[in-house]
Each structure stands twice: as C-alpha cells, then as structure tokens.
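Undergrad: build the 3D model from these lines:
(one chain, ligands or ions: 1)
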Amino acid sequence: MKMSDLRLPQGVRDCSGETPEAVALNLADAVAEFLAARLREAPRASLVLSGGSTPLPFFKALSSKNLEWGRVDVLLADERWVDESDDASNTRLVRENLLQNQAASARFLSLKQPGATPAEGLERVKAELADLALPIDVLILGMGNDGHTASLFPDAPELKSAMDPECQDIVAAATPASQPQKRITLTWPPLRDARFKALHLKGEDKLQTLERALSEPDEVLEMPIRAFLKPGLQLFWSP
Ligand SMILES: O=C1O[C@H](COP(=O)(O)O)[C@@H](O)[C@H](O)[C@H]1O
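TA: Next comes the predicted model:
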C-alpha cells in the first residue's frame, strides 16, 4: 500500500517520500521555513514535537537549521511521566537529538515536572507553559496503531474531557490502561489551533491504521487521530 492508495480528505496534503531520511529532510525544511517566517513577524515562535521512534532523523536535520533558535520555544505534545534519565523519556530524546548544534539555544518547556503522578504535577506543568504564546506555530504529531496521537489514547479515562472543544486546560493527565507509564498530553484545543500541522509517519502499518481512521471519520473517541485528518494537515509518510 502507498499513501496515494488512500482517499485523503480534501485539503490534506500528501508530502510522502521514498525513504525516512528524505521525508525527514523535507519536513525539517518545511518546519525551518515556517519558523523563520513566524520569527519575522513575532518576537517568539513555538515548536511542538512528538516522541517515539519516527522523529529521530527529523530532529537531527532540524537541529542544524540556521534559525534564531534563541527565540524558539520547544515543547512536546505529550510525555511519559518518567524521569529524564529513563529511556522512555521523550524529553531526553529531544534534548539529545534536537537541542543540539544550532538548536541548542532554543528554550525547552518541559511537560515533566515534580510530582508522583501527572495529576499531582499538573499545576506545575501549567505554570511551566504559562507564557507560551498561543496559537502554537508548528505542531508535529505522530500516531500509534491504536489511533492515538500525542497521548490522546482511546482507552484513557481522561480522553473525553481532553478532546472537548471547550476544554479550558492546555494539558491533561492521561492514564490509559494499555500503557505501562502514566502520561501527560496537550489537549485538543491547542493542538487543533496550531498554525502548521504535520503528521509524521513511518511504515506500512501506519498506512493501514490511517486507512482504518479514514473509514469512520466521525468516531473520534475510538481513534483520536481522526480529529486531525482535516484540511490544513500535511502528511509526511515514508515506508
Ligand atoms: O507513544 C507515543 O507514540 C507515538 C508514535 O510513536 P512511533 O514510535 O510510532 O513513532 C508518538 O506520536 C507519541 O508522541 C508517543 O508518546
């Protein structure tokens, strides 16, 4: 299967490529261009990233872009509630692979704050994000094969309130039974309103998940990624 075999909604742009490296370079070019344009208009720009295995080559490519990184706020769309020393920490992934080279001077806003659980640390996370300018400028999402994106998991008891279009909180705790760690995630409104939205995917399995998501677009709580398959989204997929 290829991305061109799927019937994408109108206004969703297919930016797929032949290899993960080529797609990572194209995505890094597009993100750097968008951030540079925002920095010509605004004092600061924001970049929201996802963790997982897919974004590594993208992080490395983006870290060498010549931008005024000191004016860029970098944060994650979601995080596992683990210490930064843990292999499962997305924060660690970003620090080691993106916040290097030119990008070392970016300001990183951490979703992992002190507290035994994300619910306990939630107020501290909100304080950390208090002066983040909204809307978010650039949002890069990933997707799991259960249809989750960020940490908006179908089996999280907190999903309904985090996906509420009127949700007043920028972050929510997520405790999906399917996951070994508790999570923290940005909620639907700030993710929905991002100016530049990309979904970065690798592998045939992700295409099959996307096909399933496209088959019932309105059942958003079954597969939260469905909420994002809307005009304006750019899909960066590679085999
Ligand atoms: O759990 C997560 O996984 C997804 C996708 O990860 P990948 O390994 O398939 O790239 C990611 O988007 C999300 O941020 C992360 O917390």
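Undergrad: show me what counts as buried in the lengthiest helix in the chain.
TA: Criterion DSSP state H: the longest helix present in the chain is helix 20-41. Residues of helix 20-41 classed as buried by neighbour count (16 or more other Cβ atoms under 10 Å): 20, 23-28, 30-32, 34-35, 38-39. Bear in mind the C-beta positions are built from the backbone N, C-alpha and C, glycine included.
Undergrad: what helices and strands are in contact with it?
TA: Judged by 3 or more Cβ pairs under 8 Å, 6 or more residues apart in numbering; DSSP states H and E, helix 20-41 is in contact with strand 45-49, helix 56-63, strand 138-141, strand 196-202, strand 233-238.
Undergrad: CA atoms only for the longest one, dumped as PDB, please.
TA: Looking back up the chat, that one is helix 56-63. Taking Å, rounded to 0.1, in the frame of the first residue of the first chain, the C-alpha atoms of helix 56-63 are listed here in PDB:
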ATOM      1  CA  LEU A  56      14.900  10.900  15.200                       C
ATOM      2  CA  PRO A  57      16.200  11.800  11.700                       C
ATOM      3  CA  PHE A  58      13.900  14.800  11.600                       C
ATOM      4  CA  PHE A  59      15.300  16.100  14.900                       C
ATOM      5  CA  LYS A  60      18.800  15.700  13.700                       C
ATOM      6  CA  ALA A  61      18.200  17.500  10.400                       C
ATOM      7  CA  LEU A  62      16.300  20.300  12.100                       C
ATOM      8  CA  SER A  63      19.000  20.900  14.800                       C
END
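Undergrad: each with direction, which strands does whichever helix or strand comes after it pair with?
TA: Counting by DSSP states H and E, the next helix or strand C-terminal to helix 56-63 is strand 72-76. Paired strands of strand 72-76, with direction, are strand 45-49 (parallel), strand 107-108 (parallel) (DSSP bridges).
Undergrad: rounded mean pLDDT for the last one, please.
TA: Per-residue pLDDT over strand 107-108 has a mean of 98.
Undergrad: and the next element down the chain from that strand?
TA: Counting by DSSP H and E, the next helix or strand C-terminal to strand 107-108 is helix 118-128.
Undergrad: report the buried residues of that next one.
TA: 118, 121-122, 125, 128.
Undergrad: next one: stretch 51-70
TA: 51, 54-63, 65, 67, 69.
Undergrad: likewise stretch 95-110?
TA: Neighbour count says stretch 95-110 has 95, 97-99, 103, 106, 108-110 buried, by 16+ other Cβ under 10 Å.
Undergrad: name the residues of the protein found near the ligand, please.
TA: For the chain, the residues in contact with the ligand (Cβ under 6 Å from any ligand atom) are 50-54, 77-78, 142-144, 150-151.
Undergrad: please, which helix or strand holds the nearest residue to Ala162 once chain neighbours are set aside?
TA: Computed as Cβ to Cβ, 6 or more residues apart in numbering, the closest residue to Ala162 that is not its neighbour in sequence is Ala172, at 4.2 Å. Per DSSP H and E: Ala172 is located in strand 171-174.
Undergrad: now tabulate the strands paired with strand 72-76 in a markdown table and tack on distance to Ala156.
TA: Compiled in a markdown table, the strands paired with strand 72-76 are given as follows (distance: least, Cβ to Cβ, whole Å):
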| stretch | distance to Ala156 |
| --- | --- |
| strand 45-49 | 19 |
| strand 107-108 | 25 |
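Undergrad: for Arg212, find the nearest of those.
TA: Closest to Arg212 of these is strand 45-49 (Cβ to Cβ; 25.0 Å).
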